[in-house]
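Enquirer: Next comes the sequence, and after it the predicted model I'd like to discuss.
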4 protein chains.
Amino acid sequence: MGSNSWQTAITDIGPGKINVRGYDIVEMMEKLTFAQTVYLILRGELPNEKEARMMEAILVSSVDHGASPPSVLGTRNVISGGNSLNSAVAGGVLVIGDSHGGAIEQSARIMQELVSRGGAPSDLATGIVAEMKKAKTRLPGFGHRLHETDPRTIKLFEIADSLQFSGKHTELAKAIELELEKTTGRKLPINVDGAIAAVISDMGFDWRLGKGFFIISRVPGLIAHAYEEMTTQKRMRKLGNADFEYSGPLKRNI
Amino acid sequence: MGSNSWQTAITDIGPGKINVRGYDIVEMMEKLTFAQTVYLILRGELPNEKEARMMEAILVSSVDHGASPPSVLGTRNVISGGNSLNSAVAGGVLVIGDSHGGAIEQSARIMQELVSRGGAPSDLATGIVAEMKKAKTRLPGFGHRLHETDPRTIKLFEIADSLQFSGKHTELAKAIELELEKTTGRKLPINVDGAIAAVISDMGFDWRLGKGFFIISRVPGLIAHAYEEMTTQKRMRKLGNADFEYSGPLKRNI
Amino acid sequence: MGSNSWQTAITDIGPGKINVRGYDIVEMMEKLTFAQTVYLILRGELPNEKEARMMEAILVSSVDHGASPPSVLGTRNVISGGNSLNSAVAGGVLVIGDSHGGAIEQSARIMQELVSRGGAPSDLATGIVAEMKKAKTRLPGFGHRLHETDPRTIKLFEIADSLQFSGKHTELAKAIELELEKTTGRKLPINVDGAIAAVISDMGFDWRLGKGFFIISRVPGLIAHAYEEMTTQKRMRKLGNADFEYSGPLKRNI
Amino acid sequence: MGSNSWQTAITDIGPGKINVRGYDIVEMMEKLTFAQTVYLILRGELPNEKEARMMEAILVSSVDHGASPPSVLGTRNVISGGNSLNSAVAGGVLVIGDSHGGAIEQSARIMQELVSRGGAPSDLATGIVAEMKKAKTRLPGFGHRLHETDPRTIKLFEIADSLQFSGKHTELAKAIELELEKTTGRKLPINVDGAIAAVISDMGFDWRLGKGFFIISRVPGLIAHAYEEMTTQKRMRKLGNADFEYSGPLKRNI
């Protein structure tokens, strides 16, 4: 080891050896789902059954949202310029900033800071809503440009409830939703970013990982869009995120 | 719809509606694992039980390989310059090119072209090895700079066998491995890229999606590295992919 | 120096010392223009007066082309997602692929390979046009989706002529233009990518640097678009490269 | 124009027409240097002679700083993974964040805010240094990990003085340098980022463009590193920014 050596606690490799957080990759391939593996690598420990179930639902929830999100436009546009699949995914992930997906990070940060102060959720909610009103900023994780009530939020909270995960952060999120309605006179419902933020906070994840859940979930969607662009469209075409229509299979049941 | 309108068959959205490949996201959150969801969005159809099991193993297999891959250096380096998590993931995915992860794409392309010609695997193998020798190029998907025998390859093929997936592409991959040993006099074993290429080809995936499996699998690893860099290292540090040591948990069992 | 040490011949740094290709940065700041500096760092040697003049014109030529190029859409879209200026520039440069700007690289490669074979330009032109026709591919560097005759091409060749730069590659480009018109019956004029490719080839630059000239020239344009997007538009807006109109100053003279 | 139409004031294009900020690109190619063109596209107006001269010096100043900056590691690493030149440049620019190059942006923002408040430079300096000390943060634009006195800073200020550009922002920067030395007891000299920040602020540029000057200046350096990596090194090599040595030409004069 030279003078610039540094340490990493994620994966130990050597000839014929790949141990992730201490677990042999071969045993993982045999016994873990991908969602369990994601939990392990982010958290350092294996999830129990409930954590694993919650993780699956979170990752499924944000896999795609059609062709309107900027990240999809980013990915398709890189293909349109005549580039590789990995560049296209990078071009999409690059767009996932403060205004797109980034709400998970900011929403989780605010909730974790508030909860760590202690106090009744309703009091914390009153305080933060007043603070944001004074600062004339919007609370990240509430309201959606398309969905009045986001069906993913309801399902996420339902699953979290059934697994007995819902704790102080979810209570706070719901208290903020009430307070926002009381103060502004209109419903600004918890959106899927806010719901994921509340649930991962109740699961004990650091808010700095917030955007990571969205990225892991959305990357397969971006790849599907890159592939569709690559195989069905001309390069250098006129491209935008407001002028497409859905042409896939009709509604069906699993 | 204006004159620039275009069509997408992936996800149908509207107020309160998110249908992925025709399936309601709420039903998916209830009934599907994340790996099943990945299969669905890439393929357009739900996986059966065997396809779902194979998908889990493929996605688990490449989740991380320590701090030596260039994509990890790319991700850590973006954090080191003082940037966001999504930029860091983009910076890592950007590196996954022809020489890193890209072997899945090229290996799957070659195998799919050969198998589509028809003929005995051993004949196809003799042909392609001779061709590559003449062109003085290396066959993507064979040989590894660290592992003499890649444990992930063996496990992937074992699972594929037990699920009765192994077909013409896997046979061809094994025939090429034999032919390479016969011709060069040394073992150039199928590496994990080659194994994934063979298995996804036998599952019927287009080679153009090859790199996508690696990207989906590796992104959680990149996020773990970004988070570790962010929380344990100084910005603008001396950084490289040859001078680290593992400091995490010792080998343990699931 | 450790066992992983490697060598670079670009810039020598030390406390109080920054020597680019052997020249003190302080002397460069005093005596060189930026275009001369670009020539120096790419080529390793200072340009003479004619080379410096040509370099200025090449770099000016591609600084911007309005809001329709995919790279501009890429840059604006990254800002729209709520990200930093450097991410936005990266997101634009990422799009400059085989179908956008990449023609300089491919066109220069083809011309350099043909010229190195030797022979009359008209014979080389007949050969390559027949070859491309047979392979049913388009020759990069000829034709433009908007300009029938690209005014930048004419000016670049005029400047190259007046500086006595025009050599075998420019002759070849013009011979190919003639041959294309003869064979296809319609004008497929040398576009600005093809013109830059010819001129930098005559100046002795390796075709592998081809896309670099376009990138250096276009980055200031991308920054202007990022800044305009940042200061005049809302985040997460509907965005495309076909639905804008010009609202800037009317035509004026220098 | 549809309902999603939007406006841009940068470049007006049409068949045979490319007018940048109102000026015909052909006239620009004939009469402007690249640095003048950069000024025009960022500012909207042509520079006068002094502004043009200052612009040349700023853009020359940051063209390269050897192989140690994270952006160079980013660019080389993308090539090492087997990717294209534009991906490599994007990979480098992506790294230019808050801790690398970003100081221009933050330093210019702070100076512009302070100067707009009005008051004597020494008072503003005392205030901000006290504020940063209390907040335990470092002032961006002061101090360098390698250079005790950055030769580029001295030359930039010398040129700015001779062109009579130095105004309130440069005075403030110098007052802060003095105050920092008085307060901390050690010299934390204005670095090149701080000097560029002061000069562009005195020239009237918005701090939001600050990082842009660094990016425009450094991109040619990144391309030189990408080209060197591509033509002299193996793919997937061990790579870091602490273990290289300079092997280029010895010190020489222009």
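Expert: That came through, no problem. Worth saying up front: this structure is predicted, and the values here are computed from it rather than measured. Numbering: from 1, shown residues only, chains lettered A, B, ... in the order given.
Enquirer: Show me the shaky parts of chain A.
Expert: Across chain A, the ranges flagged by pLDDT under 70 are A:1-4, A:147.
Enquirer: State which one residue of it is found closest to chain C.
Expert: Using CB to the nearest CB, residue A:240 is the residue of chain A that sits closest to chain C, at 2.1 Å. All C-beta spots, glycine's among them, are computed from the backbone N, C-alpha and C.
Enquirer: quick one: the strands in the stretch 1-150 of chain A?
Expert: A:6-8, A:11-14, A:17-20, A:23-24 (DSSP state E, counting those that start in this stretch).
Enquirer: do the second one and chain B meet?
Expert: Yes: interface with chain B: strand A:11-14 contributes A:11, A:12, A:13, A:14 (CB under 8 Å from any CB of the partner chain).
Enquirer: Dump these to a markdown table, plus neighbour count.
Expert: Converted to a markdown table, the residues of strand A:11-14 next to chain B look like this (neighbours: other CB atoms under 10 Å in any protein chain shown):
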| residue | neighbour count |
| --- | --- |
| A:11 | 26 |
| A:12 | 21 |
| A:13 | 19 |
| A:14 | 11 |
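Enquirer: what does the stretch 151-254 of chain A put close to chain D?
Expert: Within the stretch 151-254 of chain A, the positions near chain D by CB under 8 Å from any CB are A:240, A:242, A:243.
Enquirer: try it again with 10 Å
Expert: By the rule CB under 10 Å from any CB of the partner chain, the part of the stretch 151-254 of chain A lying against chain D is A:240, A:241, A:242, A:243.
Enquirer: Using a markdown table, please lay out those together with secondary structure.
Expert: Shown next, in a markdown table, are these (DSSP: H, G, I helix; E, B strand; the rest coil):
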| residue | secondary structure |
| --- | --- |
| A:240 | strand |
| A:241 | coil |
| A:242 | coil |
| A:243 | coil |
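Enquirer: tell me, what residue is most central in chain A?
Expert: Against the mean C-alpha coordinate of chain A, by CA atoms, centre = their mean, the closest residue is residue A:214 at 2.4 Å.
Enquirer: Tell me, how many residues neighbour the spatially closest residue to that one that is not a sequence neighbour?
Expert: For residue A:214, ignoring the flanking residues on the chain, the nearest one in space by CB to CB, 6 or more residues apart in numbering or on different chains is residue A:101 at 4.2 Å. Residue A:101 is surrounded by 29 other residues when neighbours are defined as other CB atoms under 10 Å in any protein chain shown.
Enquirer: from the chain's centre, how far out does the longest helix anywhere in chain A sit?
Expert: If you go by DSSP state H, chain A has its longest helix at helix A:210-232. The chain centroid and the centroid of helix A:210-232 are separated by 13 Å under CA atoms, centre = their mean, to the nearest Å.
Enquirer: before we move on, what about stretch A:19-31?
Expert: For stretch A:19-31, the separation from the chain centroid amounts to 25 Å (computed by CA atoms, centre = their mean).
Enquirer: picking that back up, for residue B:92, state which of the residues of the stretch 151-254 of chain A next to chain D is nearest.
Expert: Proximity to residue B:92 was ranked across these by CB to CB; first place goes to residue A:241, at 25.2 Å.
Enquirer: And the closest one, how far from chain B?
Expert: From residue A:241 over to chain B the distance is 11 Å, taken as CB to the nearest CB, to the nearest Å.
Enquirer: Please name the nearest non-neighbouring residue to that residue.
Expert: Nearest in space to residue A:241, with sequence neighbours left out and distances taken as CB to CB, 6+ apart, is residue A:73 at 4.4 Å.
Enquirer: list the contacts for the one you found?
Expert: Residues counted as contacts of residue A:73 (CB atoms under 10 Å, 6 or more residues apart in numbering or on different chains) are A:67, A:80, A:91-92, A:95, A:225, A:239-242, A:244, C:73-74, C:76-77, C:80-81, C:238-241.
Enquirer: let's see it at 8 Å
Expert: The contact partners of residue A:73, taken as CB atoms under 8 Å, 6 or more residues apart in numbering or on different chains, are A:67, A:95, A:239, A:240, A:241, C:73, C:77, C:239.
Enquirer: cool, residue A:10 as well?
Expert: Contacts here follow CB under 8 Å, 6+ apart; on that basis residue A:10 touches A:20, A:21, A:41, B:64, B:66, B:67, B:221, B:224, B:225, B:228, B:248.
Enquirer: Flag every buried residue along stretch A:134-146.
Expert: Within stretch A:134-146, the residues that qualify as buried are A:139, A:140, A:141, A:142, A:143, A:144, counting by 16 or more other CB atoms under 10 Å in any protein chain shown.
Enquirer: wait, does it make contact with chain D?
Expert: No: between stretch A:134-146 and chain D, judged by CB under 8 Å from any CB, nothing touches; the nearest distance is 14.2 Å.
Enquirer: Pull the residues that contact that stretch.
Expert: Counting by CB under 8 Å, 6+ apart, stretch A:134-146 makes contact with A:68, A:102-104, A:106-107, A:110, A:128-129, A:132, A:150, A:173, A:176-177, A:180, A:188-195, A:197-198, B:13-15, C:236, all of which sit outside it.
Enquirer: quick one on the thing from earlier: thought the residue nearest to the centre of chain A was touching residue A:62?
Expert: Yes: Residue A:214 is in contact with residue A:62 according to CB atoms under 8 Å; the separation is 5.5 Å.
Enquirer: Thought residue A:42 was touching residue A:20, still the case?
Expert: No: judged on CB under 8 Å, residue A:20 makes no contact with residue A:42 at a distance of 11.2 Å.
Enquirer: Settle it for me: which of these two has more neighbours?
Expert: residue A:20 (26 against 23).
Enquirer: Can you report how many residues lie near the residue in the stretch 101-250 of chain A positioned nearest to chain D?
Expert: Taking CB to the nearest CB as the measure, the point where the stretch 101-250 of chain A comes nearest chain D is residue A:242, at 4.9 Å. Using other CB under 10 Å, residue A:242 has 18 neighbouring residues.
Enquirer: in which helix or strand would I find the closest residue to it other than its chain neighbours?
Expert: Residue nearest to residue A:242 in three dimensions, not counting chain neighbours: residue C:238, with 3.9 Å by CB to CB, 6+ apart. Of the helices and strands defined by DSSP states H and E, none includes residue C:238.
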